[in-house]
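Trainee: Sequence first, then the predicted structure, then my questions.
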Amino acid sequence: MTALLRYQAALLLRSQRWLAPVLLYAAVLAVGVRPGDPVADSLGLAAGGLLPVTAWLVRLCLTGEPDAARHCTAAAAGPVRVHAAALLTGL
């Protein structure tokens with residue numbers, strides 16, 4: 001499973017598709033979190049921004065691999081393990 005996680009992470013990092021969700025999350029934090037505000041407000045904003053970004057990253061991980069490569073990986077390791085590795089990488 002570790003090899004599958006490393007494979008999925010390498011696919012995601014090399015594709016640079018992760019950059020847009022991370023920049024969106026950084027922008028939300030830069031605009032919404034101000035010094036002097038209560039900590040609960042800042043944590044709520046961070047959690048509210050993290051949900052769509054995480055969903056976006058999981059979607060990128062699940063669709064980032066070409067179909068032929070996904071079928072080869074599924075034949076080698078099993079389709080359930082490949083899908084679980086993609087989900088865990090996105091999370």
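Mentor: Great, that's in hand. Quick caveat, the model's predicted, so the values are computed rather than measured.
Trainee: what helix or strand does Ala35 sit in?
Mentor: You called it Ala, but residue 35 is Pro. In this structure, Pro35 sits in neither a helix nor a strand according to DSSP states H and E.
Trainee: Now it. Its backbone dihedrals?
Mentor: Per-residue torsions, Pro35: phi -70, psi 140 (degrees, to the nearest 10).
Trainee: per-residue confidence for it?
Mentor: Per-residue pLDDT puts Pro35 at 80.
Trainee: ok, it - contacts?
Mentor: If you count contacts by C-beta atoms under 8 Å, 6 or more residues apart in numbering, Pro35 has none. The C-beta positions use only the backbone N, C-alpha and C, and glycine is treated the same way.
Trainee: again, but for Glu65
Mentor: By C-beta under 8 Å, 6+ apart, the contact set of Glu65 is 8, 11, 73, 86.
Trainee: same deal with Arg34?
Mentor: With C-beta under 8 Å, 6+ apart, Arg34 has no contacts at all.
Trainee: With Cys61 as the reference, measure out to it.
Mentor: Distance from Arg34 to Cys61, counting by C-beta to C-beta, to the nearest Å: 33 Å.
Trainee: returning to that earlier point: in helices, which of the contacts of Glu65 fall?
Mentor: 8, 11, 73, 86 (DSSP state H).
Trainee: Give me the pLDDT for the closest residue to the second one other than its chain neighbours.
Mentor: Across the structure, with C-beta to C-beta, 6 or more residues apart in numbering as the measure, the residue nearest Leu11 apart from its sequence neighbours is Gly64 (5.4 Å). Per-residue pLDDT puts Gly64 at 85.
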